[in-house]
Every structure is written in C-alpha cells, then in structure tokens.
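Undergrad: Give me a model of this one.
(chains A and B)
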Amino acid sequence: MVLYDSATLGGSCSGSSSSSSSSKPPPLQQRQQTQQDIDGLLAGAGYRVRSSELRKVAQRLERLETAMVNSPADLSQLASDTIHYNPSDLASWVDSLLSEFTQPPTCPSEFIMDPETNQTVVSDAWTTAEPHMPQVHQNISYEQQSLNNQLTVDNQLTVVTAMEEDSGIRLVHMLMTCAECVQRGDFSLATSCLEDMQGLLTRVNTVCGIGKVAGHFIDALSRRIFQGIGGGSINGGSAYENEILYHHFYEACPYLKFAHFTANQAILEAFDGHDCVHVVDFNLMHGLQWPALIQALALRPGGPPLLRLTGIGPPSPDGRDSLREIGLRLAELARSVNVRFAFRGVAASRLEDVKPWMLQVNPKESVAVNSIMQLHRLLGSDLNRNSPIVTVLSWIRSLNPKIMTVVEQEANHNQPGFLDRFTEALHYYSTMFDSLEACTVQPNKALAEIYIQREIANVVSCEGSARVERHEPLSKWRTRLSGAGFRPLHLGSNAYKQASMLLTLFSAEGYSVEENDGCLTLGWHS
Amino acid sequence: MNLDENLLYEVLKHVDARTLAMASCVSKLWLKTARDERLWELICTRHWANIGCGTQQLRSVVLPLGGFRRLHSRYLWPLSKPQAASPLPWAPPKIINSKPPARWGKDEVHLCLSLLSIQYYEKMHFTSRRR
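TA: Numbers count the residues shown, from 1 in each chain, chains lettered A, B, ... in the order given. From the prediction side, this is the model:
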C-alpha cells in the first residue's frame, strides 16, 4: 500500500508534514489523562494548539490572510508597531492580530462540511496535489457552484482537509495500536482506541481511500472486542444473499472473471480427446463459470463430449432447490448448443462434509476438479494429520482427476499472531478497495464492497472454526498440493493471452497479469 | 420488391462492418436485410483465424447464443479497436484508413464467444428468476 509515501501538505501546515513522519503520535496513556490535548503534529513545528481548537484557529488564520491581503496599508503597521506575545500559542496570536484590523471579515465561501455524509469538500486555498483521492477533486467544482449562493458569512464554515491526510495516517497508526492492544489482551485500552478512531473517522473522507477501508476495519475490530471471537461473524448471511454479493463482485471487478476464464482454459486443454468428461465445482453459486466451457466444448473440432457437471453448494433453507435451478439453466444452454449434458447438485454447508461417493464419479470418465477460493476454508487452526484439508485433498486425489484447478487469494491471512494477520489484511484490502475504485463505475460496486467487507470481518473478528477466510500464499499451496500427490501443470500461453485480453476489454487501469512458475496471478498496483 | 431485397443482400455481402451497420439505418427494408445473420456471419468469419470447427458447427453454437451480429458489435468490434491501455504482447496490427478490422486471432475469437455465452446465460438466468 503506497498511499501515503508521497503525501505532501501545502498551506501553512507544510512544516508539520515533514515532521509527522518522524515524530510518533503521543502515547495513548498521556492523551487519556490530559483533558485538553495539544495537537502533536503542530507541536512538532513549534506551535501549541489544542486539538479541539484546530478548526477555529484555521478559520481565523484564513480570515487573517484575507484581511492582510485586503489592506496592505495596515500590513506595514503590523510589521513594525504591534507587539505580539507568545506566538507559539497560535490561537491567541491569531486573535490578537485579527483585532488589529478594523475591516469585517470576508471569508471565501468555499469551505463546506456536510455533516450528513461525512464528506469534506476541498477548496483551492487549502488543497494540494492529491493524486490519491481524485474523487474529492471532482466534487469541488460541482459543489462550489451550487453552494456559493447559499453560504453567508458566519461561523459555520470549517476547513478540515489539510488535516485530512494527517487523519488518514493517524487512523492507520491507531488501527495498528488497537490491534496490538487486542493481541495483548488489553481490551480497555483497545476500547478507548476505538472511540478515538470513531471520532477521527468523522474528519476523514469515508467515501473512498483510507477512510473507507479504515471504517471496515474499525467495525471488524469492534466486533471482535465487543462480541467476542466467533460471535462476531457476519457470515450468517443466507446463501441467497451470499450468491447476490458474489455475483456483484463478479461483475464489478475482473478477479472472478479472470479465475473462471483461466480455469476453463486449463480444463478445456485437459479434456482434449476425451469423450466423457465430468467437472466437479466446489462452489457452484450462479454457475457463471460454465456457460463458457459448454460453448467451448460445443465448438471443439470433432464435436462436444458428454459433459457432466456436479455442483456443490450450501443447502437452501426455504424449500427452493437453488442448485437444481442453476443446473436446469445450464442444461437448457447446453441443449441449445447441442451438448449432451447432465447435472447433479450436492448440497453441503461445509466442504469437509462432502464425501466422494456423493459425486458418483464414473471410472471411465475424465474428471476435472474446480475450486475457486474454497480450499482455504478448510485450513482450520489445528493442522494435524486429520485436518479437513488433508482429508479433502486425499479424496480428491483418490478420484484420480485429469486436472485440478485451484484459485486462491494471494495473501497471508492465516498467521497465528493477530497483529501480523491484521497488518497483512490492512495492506491487502486497502489495495483491493483501490483496485475496485479503478474499475469503471457500475451500480454493482456497493454490493461488491460488502462482499469484501465480509471477508475483512471474518479475518479480523473471528477465530477457530468461525474463521474461514484463511488465505495463504502461493508457495504454501504449492507445497501442500504436491504433498497431497498432485503434480503442477503449467498454464499455457493461451491462458496468459486470454487473461490480458480480458483486462483490455474491461478497460481496468492498473491491473496486470503475471506468470509465476506456471501459475497466473492477477494483481493491481496504483 | 422481392428482387430488391435479394439484390440488396447480394450487394451487402461485400461491404465491411461499418457500412453494413450504417445500411440498417436507411429504411425498413434495408434494416431487415442488413440484420440478416448470414451477412454478419460473413463479416465475422471473413477476418478471423481458423478456429478449427466447421461452419455448421459454428452456426449451431453462435445463433442460439445470440447471433453473429451481437457477437460482432458487443465483443469482436470493441476488442479490435485500438486501445489506449498499456501495450500488450499480442497487440493486433494497427488499423489503417479505417479499413475492415485486421484478423482476429484464435484467442480473441474464443474469448468473444465465451463472453457471448455468458451474456446469454445471464439474461436467461435472471429473466426466469423473476417468474
């Protein structure tokens, strides 16, 4: 995550920005004791201003600037005749200066704080080049025109943006501190940290960037602290809900499409020359992966094989047989392109509950096992010989499949230490959210974000069997799979080309496909 | 009138995609003729690499899934437009003088066909869900 490496602050806070990276925020205990805490960042530059007065001071500085600009005659007098005491006490210094001027204050009517949406609009006087938050800039011209008429000169104007990037950095620091408290078991400190962060959130743009991600992490942390591990899971959403969220995530960004297309390419190549083929899908959802495979098999030189599809999914509680419905759709599609097709649904709430006999694999057919982000759910906390992953991998092996396609998140979210996990997740999901922003605007995005948010909540606020989002990096999967008797199959250049083309078609900036010793990775960078 | 239609069809067999699309704006008769799937099949297959399957086989897949005209306008055409994105190793040859698009390679064609099938499936899936 490189959001803040090149952060610069203009205006009168430039001094403090350079010192902010080197000075640490004041220790939490001190801040709790002092009622009126001095702003740490300005303190680094030599000014003592109370955090509660920051807005007032900023406003007055602005007025002072306007006054000075408007009356150059008084300026010279100010420079030579007036005596000012204690300039480091910025608040009173500004007040005393202002009293020297007789003109009524005229403030530029461009500063707005919208309390409902927690969105701040930046005006040119305070803004800097902020390439990391383009959305805020877009708001400027629009808001200025509509609100200029409404504003009157009053004390309601507030300016926060120069503080905003500071707040962003501070949020990250506080998140880490809070996580560390949680790891140590110091929940009272963690709670007060949470409260501070909630307060800080109101001063940060939560529509995009670090504010949004931080909000989700703060939620997850509070779940963990107040509801305890396991009770905090929001995975209790119904299967139907999960399917909808998954579908929106599929539409909003290229990750799942990339997964499906690449896996299909590998399966197609593996099935070359075989007349009876059987695909086992570990998570059917809406079956979006399979129309393309059916179509590709239909166009195979020599004609399509007999295709059997076994779809595994959670049972539907309300009497609907969602697996069967999906099967029927796929069958209809297969029928219209003349592919002999048979579908079987296996309802299981957990993958480890599935037994190989349920799949009814015929010894004469070629089997492909397809797992899109399912295997990591089996990595329970105790990885002994009989852990679910070992069992499942061994029965997959016993089916003797022609190919097994595995898609997983490239992240290290299964470390035993909470703080390490938290840090990793913060980096990973910040980038994930940024990558989502980079995609073309769609109505799907909000629900796609909820999909990601659920993952975050699971990684941060759950433990034990409730924590299912146990992502592990590629190297670990390689070891695990070869240990279970699988030999790596290199994805051909077709898959790479297809993935690159896919990205072009969906015109997403910043995405890139990489080849890693036979595996393809889809990544995003700012 | 019948003769006009057939003559028009014969003429349109030789035009490029852009012209064919524009032809459908002339009149109702032209619209009907220019939308003929066989014409769009010619447009598609004229410039794409041999994907290994027979014509009949291709038709039996593409027509039920939405047809050649849709295949071209939604997927083949956008894919062939020069993109402003970062250069890719497989970059198609540049289009000169806005002539008919260059050859679509096997991978491009397969990708477009896959997308067509997904789109068909999604429409079918969600229409029936509302019942």
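Undergrad: A:Gly485: what's it in contact with?
TA: For A:Gly485, the contact set (CB atoms under 8 Å, 6 or more residues apart in numbering or on different chains) comprises A:Ser394, A:Arg397. All C-beta atoms are positioned from the backbone trio N, CA, C, and that covers glycine.
Undergrad: wait, is it part of a strand?
TA: No - if the criterion is DSSP: H, G, I helix; E, B strand; the rest coil, then A:Gly485 is coil and not within a strand.
Undergrad: And it, how far from chain B?
TA: Relative to chain B, A:Gly485 is positioned 32 Å away (CB to the nearest CB, to the nearest Å).
Undergrad: Share the number of residues neighbouring the closest residue to A:Gly492 other than its chain neighbours, please.
TA: Spatial nearest neighbour of A:Gly492, excluding adjacent residues (CB to CB, 6 or more residues apart in numbering or on different chains): A:Glu269 at 6.7 Å. By other CB atoms under 10 Å in any protein chain shown, the residues close to A:Glu269 number 14.
Undergrad: One more: A:Ala484?
TA: Using other CB under 10 Å, A:Ala484 has 15 neighbouring residues.
Undergrad: Now for it: which residues touch it?
TA: For A:Ala484, the contacting residues are A:Val390, A:Leu393, A:Ser394, A:Ile396, A:Arg397, by CB under 8 Å, 6+ apart.
Undergrad: cool, A:Glu180 as well?
TA: A:Leu419.
Undergrad: Which single one of the contacts of A:Ala484 is nearest to chain B?
TA: Chain B lies nearest to A:Ile396 out of the contacts of A:Ala484, by CB to the nearest CB, at 26.2 Å.
Undergrad: so where does the closest one fall, helix or strand?
TA: In the assignment (DSSP states H and E), A:Ile396 maps to helix A:388-398.
Undergrad: likewise A:Gly345?
TA: Under the criterion of DSSP H and E, A:Gly345 resides in strand A:341-347.
Undergrad: What residues of the helix holding A:Ile396 count as buried?
TA: Within helix A:388-398, the residues that count as buried by 16 or more other CB atoms under 10 Å in any protein chain shown are A:Pro388, A:Ile389, A:Val392, A:Leu393, A:Ile396.
Undergrad: residues contacting the last one?
TA: A:Ile396 is in contact with A:Val369, A:Met404, A:Ala484, counting by CB under 8 Å, 6+ apart.
Undergrad: hmm, 10 Å instead?
TA: Counting by CB atoms under 10 Å, 6 or more residues apart in numbering or on different chains, A:Ile396 touches A:280, A:282, A:356, A:359, A:367, A:369, A:371, A:375, A:404, A:481, A:484-486.
Undergrad: Could I get the pLDDT score of residue 70?
TA: As the question left the chain open, I've gone with chain A. Per-residue pLDDT puts A:Asn70 at 69.
Undergrad: sorry, should have said chain B
TA: As predicted, B:Arg70 sits at a pLDDT of 92.
Undergrad: Tell me the helices and strands packed up against the helix or strand that the strand holding A:Gly345 is followed by.
TA: Later in the chain than strand A:341-347, the nearest helix or strand by DSSP H and E is strand A:366-372. Secondary-structure packing of strand A:366-372 (3 or more CB pairs under 10 Å, 6 or more residues apart in numbering or on different chains; DSSP states H and E): helix A:255-270, strand A:276-281, helix A:290-298, strand A:306-313, helix A:388-398, strand A:403-407.
Undergrad: Identify whichever of these lies nearest to A:Arg224.
TA: Each of the helices and strands packed on strand A:366-372 has some distance to A:Arg224 by CB to CB; the shortest is helix A:388-398, at 23.8 Å.
Undergrad: starting at the chain centroid, how far to the one helix or strand B:Ala21 maps to?
TA: Assigned by DSSP H and E, B:Ala21 belongs to helix B:17-23. Relative to its chain's centre, helix B:17-23 lies at 12 Å (CA atoms, centre = their mean, to the nearest Å).
Undergrad: Next, the buried residues of that helix.
TA: Using 16+ other CB under 10 Å as the test for burial, helix B:17-23 gives B:Ala17, B:Leu20, B:Ala21, B:Ala23.
Undergrad: hmm, which two among these are most spread apart?
TA: B:Ala17 and B:Ala23 (10.5 Å).
Undergrad: How about stretch A:496-514 and chain B, any contact?
TA: Yes - for stretch A:496-514, a contact with chain B is found by CB under 10 Å from any CB of the partner chain, at A:496-505, A:507-513.
Undergrad: Just the buried subset of the residues you listed, please.
TA: Listed as buried from these are A:496-505, A:508, A:510-511, A:513; burial here means 16+ other CB under 10 Å.
Undergrad: Enumerate every residue touching the most centrally placed residue in chain B.
TA: In chain B, the centroid-proximal residue (CA atoms, centre = their mean) is B:His72; its distance is 2.4 Å. B:His72 makes contact with B:Ala17, B:Leu20, B:Ala21, B:Trp40, B:Glu41, B:Ile43, B:Cys44, B:Pro78, B:Ser80, B:Pro101, B:Cys112 under the criterion CB under 10 Å, 6+ apart.
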